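> Based on what follows, work out the 3D shape:
(2 chains)
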Amino acid sequence: MTTALSIRQLTKTYGNGFQALHGIDLDVAEGDFFALLGPNGAGKSTTIGILSTLVTKSSGTVSVFGHDLDTQPSALKRCLGVVPQEFNFNQFEKVFDIVVTQAGYYGIPARIARERAEQYLTQLGLWDKRDTPSRELSGGMKRRLMIARALVHQPRLLILDEPTAGVDIELRRSMWSFLTELNEQGITIILTTHYLEEAEQLCRNIGIIDHGRIAENTSMKALLKKLHVETFLLDIKGSLQAVPQLLGYPVVRVDDHTLEVQVDKNMGVTELFRQLAQQQIEVLSLRNKTNRLEELFVSLVEKNLAKGAV
Amino acid sequence: MSTEYLNSELAANLVALRTIVYREVRRFTRIWPQTLLPPAITMVLYFVIFGNLIGRQIGDMGGFTYMEYIVPGLIMMSVITNSYGNVVSSFFGSKFQRSIEELMVSPVSPHIILVGYVTGGVLRGLAVGLIVTLLSLFFTHLQVHHLGVTVLVVLLTATIFSLGGFINAVFARNFDDISIIPTFVLTPLTYLGGVFYSITLLPPFWQSVSMANPVLHMVNAFRYGILGVSDIRIGVAIGFMLVATAVLYAACIHLLVSGRGMRQ
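A predicted model of the protein is given here:
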């Protein structure tokens, strides 16, 4: 399988001496939907900045579809579409002009650029706003405009840096389905997000970066298997008089109608329900207390913090 | 590299250049009340006050009426101010809004980016110069003495100041930084650059000092193109402008490649 992105021993030390990346290695296969996660200041945006050439690397190599950043930057950039975290378009330009102008920077003739601008603005629900100055768009519309702009030269690798930040849930879901469609069409996608359910829902593979190092780089399934304990909230029929004693399941009473139970993967939930039924406690519904990926993410980051403390 | 690849790269870069130039022209024509109208009004005031009212008291200069003498200098002054102002405000505006990142992430070569911005500055300088020239016809009669020199000098001057505006924009960190050079450097150099007088009126020491003012060479070379008179040698002036263009171009390319003020 072709490698869409290959990073080797990438380091970045800023002018003030802060080392943001400590020699990271990362591979993303063609067609993948890859999540790059990490706490604030972990090095995600620096990595994306280097890929998009807005940040100069200190050492290491980067290649996109075999095009080396140092020797073939032009070819690399043609393969790459970037949706940055912050709005970076001309606030006085009209929506349509922003997309067509971006196409022009990639050498796309005006007629084709206009056709593609119409196609992507329509798909992203912005065609009606084509003659609106970009500063008059809502936050969600501005995010979609940046996606349309990043797609206009039809990149093979699309990098989205928190594309759904500040976007309402309805719009977020429509963006998820749009991104899934793009990925099904063959576009490799790298996504950074703070919404971990978004990463879990969309991405097949995941890299967790922390303190400028790759803490985890595996498939989503493999990572989730590492989660040994899940915390569930159980809605109980009737009122709880006391905290039930459940053998092998640490339990906390949240309120009269809710229990919080920790379930070890080896124990499973069947035994839990058997014990609850024995005590004549009827469960109306069950849900995860937090997103599963979030639990893992927090534990990994905490582990790294502890290592740092030592 | 194959010929086909080079041709496709060239074609893509030409489209990119056209895009940048079109965007720049669209920008200054969209805001014409800020870009094209003020210099026209200012220059009409110069023509009325200096050329007409005060000029009558001054009499002839260099064998021409005072109005005829100052028109080339005033055209040049508007070209200098506007070519510089266009690039410095446009490029710094792009940095300020971070829309410069659109260009930096694209495969456009630094040469194309620079030529695009400079062409925008030159076109605005020429547009304002043309407007001022047309307005001057209401006050005096203009006859071009040497068309080739006139066109070459105006193009080189607009290019030099566009490149200067670009360097200013790269180093600027806030809006104050883009007005310091025009206010404290450009305006004094222009006013002391022989726009309103011949340096032969100055004592010998100040004549020598004036020769170090690059604007003097540009204004006089342009005046030579229009009127056929000059305080300096045309060959030296054009040679100086060609060297200045080359040096400034190289400096701009170096700044773009290093990403100063644009890359971290």
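> How about the secondary structure of the residue nearest to residue A:216 when sequence neighbours are not counted?
Using CB to CB, 6 or more residues apart in numbering or on different chains and skipping residues adjacent in sequence, the residue nearest residue A:216 is residue A:208, 4.1 Å away. Heads up, the C-betas are built off the backbone N, CA and C, glycines and all. Here residue A:208 is recorded as strand under DSSP: H, G, I helix; E, B strand; the rest coil.
> quick one: whichever helix in chain B runs longest to chain centroid distance?
Longest helix in chain B by number of residues (criterion: DSSP state H): helix B:66-97. Computed by CA atoms, centre = their mean, to the nearest Å, the chain-centroid distance of helix B:66-97 equals 5 Å.
> Averaged pLDDT, it. What do you get?
In this model, helix B:66-97 has an average pLDDT of 92.
> cool, stretch B:213-223 as well?
When pLDDT is averaged along stretch B:213-223, the result is 91.
> Leaving out sequence neighbours, find the closest residue to residue A:86.
Closest residue to residue A:86 apart from its sequence neighbours, by CB to CB, 6+ apart: residue B:98 at 6.8 Å.
> Just list the residues touching that neighbour, thanks.
Neighbouring residues of residue B:98 by CB atoms under 8 Å, 6 or more residues apart in numbering or on different chains: A:86, A:87, A:88.
> So what pairs up with the residue nearest to residue A:216 in the strands?
residue A:37, residue A:216 (DSSP bridges).
> just to revisit the earlier point, reformat the contacts of residue B:98 as TSV; add pLDDT, neighbour count and secondary structure.
Shown next, in TSV, are these (pLDDT from 0 to 100; neighbours: other CB atoms under 10 Å in any protein chain shown; DSSP: H, G, I helix; E, B strand; the rest coil):
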residue	pLDDT	neighbour count	secondary structure
A:86	87	11	coil
A:87	89	17	coil
A:88	89	20	coil
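> which secondary structure element contains residue B:239?
Assigned by DSSP states H and E, residue B:239 belongs to helix B:234-258.
> buried residues in that helix?
Going by neighbour count (16 or more other CB atoms under 10 Å in any protein chain shown), the buried part of helix B:234-258 is B:234, B:237, B:238, B:240, B:241, B:244, B:245, B:248, B:249, B:252, B:255, B:256.
> The last one reaches residue B:109, doesn't it?
No - taking contact to mean CB atoms under 8 Å, the distance of 9.2 Å between residue B:256 and residue B:109 leaves them out of contact.
> Only alpha carbons, please: show stretch A:171-186 as CSV.
What follows is stretch A:171-186, C-alpha atoms only, in CSV (Å, rounded to 0.1, in the frame of the first residue of the first chain):
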residue,chain,number,x,y,z
LEU,A,171,-23.4,21.0,11.4
ARG,A,172,-20.7,18.8,12.9
ARG,A,173,-22.6,15.7,11.9
SER,A,174,-23.1,16.9,8.4
MET,A,175,-19.4,17.7,8.2
TRP,A,176,-18.6,14.2,9.5
SER,A,177,-20.6,12.6,6.7
PHE,A,178,-19.0,15.0,4.1
LEU,A,179,-15.5,14.0,5.3
THR,A,180,-16.4,10.3,5.3
GLU,A,181,-17.6,10.7,1.7
LEU,A,182,-14.3,12.4,0.7
ASN,A,183,-12.4,9.5,2.4
GLU,A,184,-14.5,6.9,0.5
GLN,A,185,-13.6,8.7,-2.7
GLY,A,186,-9.9,8.0,-1.9
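> Next, the buried residues of that stretch.
A:171, A:172, A:175, A:176, A:178, A:179, A:182, A:183.
> Could you pull up the contacting residues of residue B:154?
Contacts of residue B:154 were listed using CB under 8 Å, 6+ apart, and they are B:75, B:76, B:79, B:125, B:126, B:129, B:222.
> what do residue B:256 and residue B:109 both touch?
In contact with both residue B:256 and residue B:109: no residue, using CB under 8 Å, 6+ apart.
> what about the stretch 151-300 of chain A, any weak spots by pLDDT?
A:226-228, A:290-300 (pLDDT under 70).
> hang on, the earlier thing: return the member of the buried residues of helix B:234-258 nearest to chain A.
Taking CB to the nearest CB as the measure, chain A sits nearest to residue B:256 out of the buried residues of helix B:234-258, at 12.3 Å.
> right, and residue B:44 touches residue B:135 too?
Yes - the criterion here is CB under 8 Å, and residue B:44 meets it with residue B:135 at 5.7 Å.
> Reformat the buried residues of helix B:234-258 into CSV and put pLDDT and distance to residue A:18 next to each item.
Listed next are the buried residues of helix B:234-258 as CSV, based on pLDDT from 0 to 100; distance: CB to CB, whole Å:
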residue, pLDDT, distance to residue A:18
B:234, 91, 55
B:237, 91, 50
B:238, 93, 50
B:240, 92, 46
B:241, 93, 45
B:244, 94, 40
B:245, 96, 40
B:248, 96, 35
B:249, 97, 35
B:252, 96, 30
B:255, 94, 24
B:256, 93, 26
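> ok, and which of those residues reach chain A?
Near chain A, judged by CB under 8 Å from any CB of the partner chain, there are no entries from those.
> Of the residues you listed, which pair is most distant in space?
The largest separation in the buried residues of helix B:234-258, counting by CB to CB, is between B:234 and B:256 at 32.5 Å.
> mind checking how far the spatially closest residue to residue B:73 that is not a sequence neighbour is from residue B:70?
Excluding the flanking residues, the one nearest residue B:73 by CB to CB, 6+ apart is residue B:195, at 3.3 Å. Going from residue B:195 to residue B:70 by CB to CB, to the nearest Å gives 7 Å.
> Equivalent analysis for residue A:208, please.
Counting by CB to CB, the gap from residue A:208 to residue B:70 is 70 Å.
> Same question for residue B:221.
16 Å.
> Equivalent analysis for residue A:254, please.
In terms of CB to CB, residue A:254 sits 86 Å off from residue B:70.
> Please apply the same query to residue A:132.
Residue A:132 is 46 Å from residue B:70, by CB to CB.
> more crowded one of the two?
Remark: of residue A:132 and residue B:70, residue B:70 carries more neighbours, 27 against 15, as counted by other CB atoms under 10 Å in any protein chain shown.
> so the residue nearest to residue B:73, which of the three states?
At residue B:195 the chain is in coil, as set by three-state DSSP.
> and what of residue A:167?
Classification of residue A:167 by three-state DSSP places it in coil.
> ok, which stretches of chain B are helices?
B:3-30, B:32-35, B:37-46, B:55-58, B:66-97, B:100-104, B:110-136, B:147-171, B:177-181, B:187-191, B:204-210, B:214-227, B:234-258.
> Please list all residues in contact with residue 129.
Picking chain A for this. Counting by CB under 8 Å, 6+ apart, residue A:129 makes contact with A:95, A:121, A:137, A:141.
> actually chain B
Counted by CB under 8 Å, 6+ apart, residue B:129 has contacts B:75, B:76, B:78, B:79, B:82, B:154, B:158.
> How much space separates the spatially closest residue to residue A:94 that is not a sequence neighbour from residue A:95?
With CB to CB, 6+ apart as the measure, residue A:131 is the residue that lies nearest to residue A:94, at 5.4 Å, once sequence neighbours are left out. Here residue A:131 is placed at a distance of 7 Å from residue A:95 (CB to CB).
> neighbour-wise, which of those two wins?
residue A:95 (27 against 9).
> I'd guessed that one sits against residue A:128; true?
No - proximity of residue A:95 to residue A:128 does not meet the contact threshold set by CB under 8 Å, at 9.6 Å.
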